[in-house]
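Student: with the sequence up front, the predicted model follows.
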Amino acid sequence: MEMEGRDDDIDVDVSGFLEQVSPLLDSMRSEEDEVREVVLSPSAGPSPATRRPTTDVAARAALAEMETADMATLAGELEAHLAILNDACDEAEAELERLRQQRTPSEEVALRARRIRDLESAITAAGLAVDAEDARMADAVGVAREVRASLGRV
């Protein structure tokens, strides 16, 4: 996070946060796709004629479990980045308070309105990213549960 202060304006640069989060989100999506491909693909592993069902399903379940754990780790990292964003918001609010004491009431109102819009946009973008990844992780967990359930049927 980087905060740049100017005499008549405050601007919080969230691009650094988004640059950090984007690779995590891409990685989580890629890993989820790999889990789906391995777990759901009928062509994964040996041919049906030579496949040993119990071993194949157990291997798939183990892979799904590992991928789910990896996604949980990435989710933790994403939460850490969101904590950084929250800290930056707190710092920006403190800076606003300092500037508020130096400005006229009309300047203060204009500055607060702009700052609130900027923070709302950044928080909304981060929230949407987290919601999307929560949904993807829930899907991956569902896949892992399906595989585990299929272990009992083999």
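Tutor: Okay, I see it. This structure is a prediction, so every number in the text was calculated from the model and none was measured.
Student: tell me the SS of Gly127?
Tutor: helix (DSSP: H, G, I helix; E, B strand; the rest coil).
Student: ok, now which ones touch it?
Tutor: Contacts for Gly127 (Cβ atoms under 8 Å, 6 or more residues apart in numbering) come out as none. Glycine gets a C-beta too; all of them are placed from N, C-alpha and C.
Student: pLDDT score assigned to it?
Tutor: What the model reports for Gly127 is a pLDDT of 84.
Student: again with the one 5 residues further on
Tutor: At Ala132, the pLDDT value in this model is 85.
Student: what's the helix or strand for it?
Tutor: helix 105-153 (DSSP states H and E).
Student: and that helix, how far out from the chain middle?
Tutor: Centroid separation for helix 105-153 versus its chain: 7 Å, with Cα atoms, centre = their mean, to the nearest Å.
Student: tell me the mean pLDDT for the stretch of helix or strand Asp70 belongs to?
Tutor: Assessed by DSSP H and E, Asp70 sits inside helix 53-100. Mean pLDDT, computed over helix 53-100, is 77.
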